[in-house]
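Q: test case, fold it:
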Amino acid sequence: MNARLILRQLPNHLIFRILHYSLISQQLREELVVSAGSFRLKGGGNKVLEWQPFVLWLANLLLNYAGDILGNLLLGSLPLEPLCNTADILLSSLICPFFLFNQVGTASFTVPLTLATS
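A: The predicted model follows:
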């Protein structure tokens, strides 16, 4: 099948959700790399930061649904209502490892230790 035919058969909201989840996961990965690099440069040692996979998944999940949770708080409805949609939670959970992990169970924090001189 042609790639355009495959994309036409998918619903638009599914494509937008996949893009949203992947961009949020990429943003979380970049933030963690920057914070790991600053930790190393401040004298935290060359010890590799060990992150728990559950914590990374939970942070990714909360970032994915932060807008919905905040919107529900402001509207006066249940804040965790977006987390009741199991299909979206599974989709977010399937996309998360592709951007946060290189191998199963180990987070990828490769930070170059070059200092910028001005």
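
Q: next structured bit after the strand or helix carrying Leu23?
A: Following DSSP states H and E, one finds Leu23 within helix 12-39. Note on helix 12-39: by DSSP H and E, the next helix or strand toward the C-terminus is helix 53-64.

Q: buried ones in that next one?
A: Neighbour counts over helix 53-64 (16 or more other Cβ atoms under 10 Å) mark Leu56, Trp57, Ala59, Asn60, Leu61, Leu63, Asn64 as buried. From N, CA and C alone the C-beta is placed, and that goes for glycine too.

Q: for the second one, which non-adjacent residue is spatially closest?
A: Read that as Trp57. Leaving out its chain neighbours, the residue that sits closest to Trp57 by Cβ to Cβ, 6 or more residues apart in numbering is Cys96, at 5.7 Å.

Q: did I read that right, the one you found in a strand?
A: No: according to DSSP: H, G, I helix; E, B strand; the rest coil, Cys96 belongs to no strand; its state is helix.

Q: low pLDDT regions in this protein?
A: Low-confidence segments of the chain, defined by pLDDT under 70: 1, 7, 36-51, 101-118.

Q: quick check: Asn85 vs Ser25, distance?
A: Going from Asn85 to Ser25 by Cβ to Cβ, to the nearest Å gives 18 Å.

Q: same drill for these two, tell me which one is more crowded.
A: Using other Cβ atoms under 10 Å as the criterion, Asn85 and Ser25 rank with Ser25 on top: 21 against 13.

Q: which residues are in contact with that one?
A: Asn60, Ile95, Cys96, Phe98, Phe99, Leu100 (Cβ atoms under 8 Å, 6 or more residues apart in numbering).

Q: export these to a markdown table and tack on distance to Gly71?
A: As requested, the contacts of Ser25 are arranged in a markdown table below (distance: Cβ to Cβ, whole Å):
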| residue | distance to Gly71 |
| --- | --- |
| Asn60 | 19 |
| Ile95 | 22 |
| Cys96 | 22 |
| Phe98 | 27 |
| Phe99 | 25 |
| Leu100 | 25 |
